[in-house]
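Engineer: Here's a sequence, model it:
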Amino acid sequence: MLRVLAVDDEEPALEELLFLLRADPRVHSAEGALAATEALRRLGRAQNGGQGGADHVDVVFLDIHMAGLSGLDVAGLLTGFAAPPRVVFVTAHEDFALRAFDLKAVDYLLKPLRRERLAEAVRRVAELVEADRATRAAMSASAFPSSSPSSEADAHVGTGSGTGVVPGPSRPPASPLADHISVERGGVTRFLPIADITYAEAHGDYARLYTREDSHLVRIPLSTLEERWRARGFVRIHRRHLVSVAGIEELRVDAGSLTVRVGGAVLAVSRRNARELRDLLLSDAKAGRPGNGR
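Structural biologist: Numbers count the residues shown, from 1 in each chain. Predicted structure coming up:
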C-alpha cells in the first residue's frame, strides 16, 4: 500500500488528484500540499523519520508550474535525499518530459487527468516500491547475523558524510574546498566557488544561489548563509535577499526607496537593513576596496 503526497498550487486540481488517488485500492493514504515549500518540509520530516516513520512518503505526484519553486526544482532536490520517494509529474505542459525523466521520474501525466492513465502510473509506482521494500528486507536479513557493531563501526556511523540532503559548507572541508559550497543538479554534485555567488534568495528552509550565469537551490536557510558568509562580505539587505557587497554594481535611491543592482538583478533594500549596507559600502570606500564596478 502506497503513502502518497500530491503537490499542486491550484486547489481544484489538487482536490481532483487526491480524490482519484484515494479511490485507488493500492493507495493507503494521500495527502496534499499547495506549495513546493510546504511539500519539502513534509518530505524532510519523512526523511528524518525513516522508512517506517508515520510521515513516510512512497511517491510524490508533482505539478511542474507552481509559484516559487517548480516541480522540477523539488524533484532535483529529492535526488540529494538518502532514500528519496518516487516521483510522478502531473502537468498541463508536454515540454518538460525529457527533463522529468532525466530526474528519474516514474511517469509523466498530462492534465486533464484520465482515471485509467493515473491508475497505470500508480501500478508502476506500486511495483517499484514493492521491489524497493523487498531489496531492503533482503539486505537487512543478510546483515542480521553479523556480530554486534564494534566501537570502530560506531565511530564511522557518527562521522559519515551522507546526510540525505543537499550538503552545505558546515563540514570542515579540505583547504581547496573551504571557499566553495556543494550544489546538486540531476544527481551530480558540483563545488561552486562562493566568490562566484552574487546574491542568495530565501525559499523557506532553502535558498537559491545566483551567479552571473546560473542559479542553484540548496537546502540551507538564508539565515544560516548570512551567519556563515558575513566574514566573506555578504550582507542581508531584505528578509528575502543576501548579497555579496563586492558584487553590487549600483546603489540607487528613488522616492525614499533604496535598491541595489547585483548580477543584473535589481533588489530592494529594506529600511531595517539600509543602514548596515551603507556603513559597509562606506567602510569599503574608506579602506580603498571598491566593489566590482561600484
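Engineer: in this protein, which ranges drop under the pLDDT threshold?
Structural biologist: 51-52, 139-178, 186-187, 279-294 (pLDDT under 70).
Engineer: Could you pull out the buried residues of the lengthiest helix in it?
Structural biologist: Taking DSSP state H as the criterion, the chain has its longest helix at helix 115-143. Residues of helix 115-143 classed as buried by neighbour count (16 or more other CB atoms under 10 Å): 118, 121-122, 125-126, 129. For glycine as for every other residue, the C-beta is placed from the backbone atoms N, C-alpha and C.
Engineer: As JSON lines, the residues you listed with distance to Pro12 would be great.
Structural biologist: As requested, those are exported to JSON lines (distance: CB to CB, whole Å):
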{"residue": "Leu118", "distance to Pro12": "16"}
{"residue": "Ala121", "distance to Pro12": "20"}
{"residue": "Val122", "distance to Pro12": "21"}
{"residue": "Val125", "distance to Pro12": "24"}
{"residue": "Ala126", "distance to Pro12": "26"}
{"residue": "Val129", "distance to Pro12": "28"}
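Engineer: For the longest helix of the chain, name the packing helices and strands.
Structural biologist: Under the contact definition 3 or more CB pairs under 8 Å, 6 or more residues apart in numbering; DSSP states H and E, helix 115-143 sits against strand 2-7, helix 11-22, strand 86-91, strand 107-110.
Engineer: and Leu267, what is it in contact with?
Structural biologist: Contacts for Leu267 (CB atoms under 8 Å, 6 or more residues apart in numbering) come out as 199, 237-238, 241, 243, 259-261.
Engineer: Go again with 10 Å.
Structural biologist: Applying CB atoms under 10 Å, 6 or more residues apart in numbering to Leu267 gives the contacts 198-199, 201, 237-238, 240-241, 243, 248, 258-261.
Engineer: If you rank those residues by neighbours, which is first?
Structural biologist: Most neighbours among those, by other CB atoms under 10 Å: Val243, with 27 neighbours.
Engineer: Give me the secondary structure label for it.
Structural biologist: Secondary structure for Val243, judged by DSSP: H, G, I helix; E, B strand; the rest coil, is strand.
Engineer: how near is it to Arg261?
Structural biologist: The spacing between Val243 and Arg261, counted by CB to CB, to the nearest Å, is 10 Å.
Engineer: That'll do, ta.
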